[in-house]
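In: Build me a model from this:
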Amino acid sequence: MGTGFGALALAALSQGNALAAARRPGIDPLNPFAPRRPDFVPKAKSVIFLFMVGGPSQIDTFDYKPTLRRLDGKPVPESIRKAVEATRHANVFHGCKDELMASPYGWARHGSTGRWASDLLPNMARHIDEFCIVHSMQSDSNNHAPSSYQLHTGDIRPGKASLGSWVTYGLGTENQNLPAYVMLFEAGPLGGAANYSNGFLPAAFQPTRLRDTGTPVLDLLPPPEFADGQRRSLDLIRDLNLIHRAQRPGFGELDARIASYELAFRMQSAALEVGGLDGETAATRRAYGLEHGAARTVAFGRKCLLARRLVERGVRFVQVYDMPDKDGWDAHEGLEKNHRDRALWSDQPVAALIADLKQRGLLDETLVVWASEFGRTPMMQGNRGRQHNAAGFTLCMAGGGVRPGTTIGATDDIGLLAVDAPVSVKDFHATILAALGLRHEELFFDVNGRMERLTGIAGGARVIPGVLG
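Out: Numbering: from 1, shown residues only. Reported below is the predicted structural model:
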C-alpha cells in the first residue's frame, strides 16, 4: 500500500511539474531578457527595493509602543520573556541588558489613516497614507549576513539566487537597451555579493551595477579611434563565439557572455542618457536632496532619482542600498545619533521617490519596498544601543498594487515579538512575485534534479493576506 501511494504521489507531482513547466515560456539564451508573459494580470511592472542595511529599529520608526515608554529602565515583563523563550527566537536576549529603553524620539499620528511615525523620518511620515506597513516580519537568523541573505534570496545560506534574478528570470524586461536588474550602492550590503547574485540561475540573470555619478558603467565607451569599427568587431566576435558555442551545448556562461556583449553595445547611448541627472528640473533635484548640505544625502538622493529614471525606461528590478559605511543602522551603541544620521541621509530621498513616482503616474505600476534584514530590541545594549531583533520587525511597501493605508500584523506591547499575523520572508517574497503576476510555486529552476524556488518547497509560503488590492 505504501508503495502504491508513493507511486500515485510521484505521478501527481510529475503531472504538476509538467503543467507548471508548460506555463513557463522558453528563454532564448542569446536574448534572455526578452519580455515574457506573467502567469496572470500583474499589479506591478517593476520593483524598486530600498534596502536599509544594518537593521533600523522598528520601535524608533513606525512601531509605536507607549508601554515601552512607561516601562523605560525596567526589566522585560516576565510574561513577554516567557513567550519569547518558548519560540525559536529565544536568543534575542543575548547581549542585552535586562533593561528596557524607550524610544528617544517624538511620535505623532500622520495622514488620514492616523498611523504613528516617529520624528526620525518626517518626510516619509508625510506619505504614510501611501504605505502598507507590515509590523510582524520575522527572519530565521539574528546575525546580519544570514538574515540579509534570507531577505534577498529566501535562504540564510549563501549561494542561492536573489530576488532580482528570479524576477528577471521569470519576466525578462521591457527595455532591451538597459540591464534588467540594476544595483545602486556605495559600500554594499553585509555579506557581500551573495546577497544579490544570480546563484544557480543562468549567468545572464546576474545584476549590473550602475554608478550614480560620472559614467554609469565603467569602460562602457570604446576609445575614439576604435568607435567607427566597433559594430564590425562585435559582429566578428559574435560569429566566432557562436562557432565556439555550437561545440559546447548547454554552456550557460558562454551564452551570457555573448548576450552581455550585445547589451553593452546597446547600452552605450541608453546608459549615458539614463544617468544624465543634470537634465532633471531644479525642483526635482531639490526634492531628492541633490542640493542638500549633507554629502551622503546627496549621494543617496542621486541613487533614488536614478532608480526612478530606470523604471521609467522599463527596467524591471532596481536594488538600492543606503550603505555608505561599514556600520549602517547597526546601532549597538549610541542609537540616537546613529539613527539620526542615517535618517538624515535617506528620509528625504525616499519620500521624494514616492512623491515623484506618483506625480508621474508610475507609482501604480512600480512596487517600492523599504526594508532591512531585521529590526532591533526594546532592551538596551551597551551605551544606549539596541541588539539585533529577528523576532518582530517592520517593513513598508507602496505602489504596485499594494493597498495603501493598510497595516498588517503587530508586535507585543514592547515591540519585541510578532504576536499578530506573523509574516515569514517566504510570504514576503511570494507577495512581491504575486504583485508582478507570477505564481511563486510555479517559478522554479531545475538544479541537479531538484526544483529550486525563491519561496522554497511547494506549500511553504503564501501571499500575505490584505497587502495587494
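In: hmm, who's touching the host helix or strand of residue 148?
Out: Here residue 148 sits within helix 144-153, counting by DSSP states H and E. Under the contact criterion CB atoms under 8 Å, 6 or more residues apart in numbering, helix 144-153 has outside partners 51, 53-55, 139-141, 155-158, 160-163, 189-191, 194-196, 199, 330, 371-374, 388, 390, 425, 428, 454. For glycine as for every other residue, the C-beta is placed from the backbone atoms N, C-alpha and C.
In: which ones among those are found in strands?
Out: Using DSSP state E, 51, 371, 388 are the members of the contacts of helix 144-153 that sit in strands.
In: which residues touch residue 52?
Out: With contacts defined as CB under 8 Å, 6+ apart, the neighbours of residue 52 are 322, 328-329, 342, 346, 370-372.
In: Mind doing that once more with 10 Å?
Out: By CB atoms under 10 Å, 6 or more residues apart in numbering, residue 52 lies in contact with 61, 320-323, 328-329, 342-343, 346, 350, 370-373, 395.
In: most neighbours, which of the ones in strands among the contacts of helix 144-153?
Out: residue 388 (27 neighbours; other CB atoms under 10 Å).
In: got a list of what the nearest residue in space to that one that is not next to it in sequence touches?
Out: Excluding the flanking residues, the one nearest residue 388 by CB to CB, 6 or more residues apart in numbering is residue 142, at 4.8 Å. Residues in contact with residue 142 (CB under 10 Å, 6+ apart) are 55, 89, 91-92, 94-95, 373-374, 377, 387-391.
In: any idea how far residue 306 is from residue 142?
Out: The gap separating residue 142 from residue 306 is 33 Å, by CB to CB, to the nearest Å.
In: Averaged over its residues, which helix or strand of the protein has the lowest pLDDT?
Out: Of the helices and strands making up the chain, the lowest-confidence element is helix 2-23, at a mean of 41, by mean pLDDT, DSSP states H and E.
In: How far off centre is stretch 110-125?
Out: 22 Å (CA atoms, centre = their mean, to the nearest Å).
In: actually stretch 335-352, not the one I wrote
Out: Taking the mean of its C-alpha atoms, stretch 335-352 sits 18 Å from the chain's own mean (CA atoms, centre = their mean).
In: try stretch 316-334
Out: For stretch 316-334, the distance to the chain centre is 12 Å (CA atoms, centre = their mean).
In: end-to-end on it?
Out: 38 Å (CA to CA, to the nearest Å).
In: Now do the spatially most central residue of the chain, the pLDDT please.
Out: The residue lying closest to the centre of the chain (CA atoms, centre = their mean) is residue 49, at 3.8 Å. With respect to pLDDT, residue 49 has a value of 98.
In: that's a strand at it, yeah?
Out: Yes - per DSSP: H, G, I helix; E, B strand; the rest coil, residue 49 lies within a strand segment.
In: Confirm for me that it is in contact with residue 189.
Out: No - counting by CB atoms under 10 Å, no contact exists between residue 49 and residue 189, whose distance comes to 11.1 Å.
In: and for those two, which residues touch both?
Out: Listed as contacting both residue 49 and residue 189 by CB under 10 Å, 6+ apart are 151-152, 183, 196, 319, 321.
In: just curious, which of those is nearest to residue 210?
Out: Comparing the shared contacts of residue 49 and residue 189 against residue 210 with CB to CB picks out residue 183 as the nearest, at 7.3 Å.
In: in its sheet, what does the host helix or strand of that closest one sit against?
Out: Mapping residue 183 onto the secondary structure by DSSP H and E places it in strand 181-184. Within its sheet, and counting by DSSP bridges, strand 181-184 is paired with strand 208-209 (parallel), strand 317-321 (parallel).
In: mean pLDDT lowest for which of those strands?
Out: Within the strands paired with strand 181-184, the least confident segment by mean pLDDT turns out to be strand 208-209, at a mean of 93.
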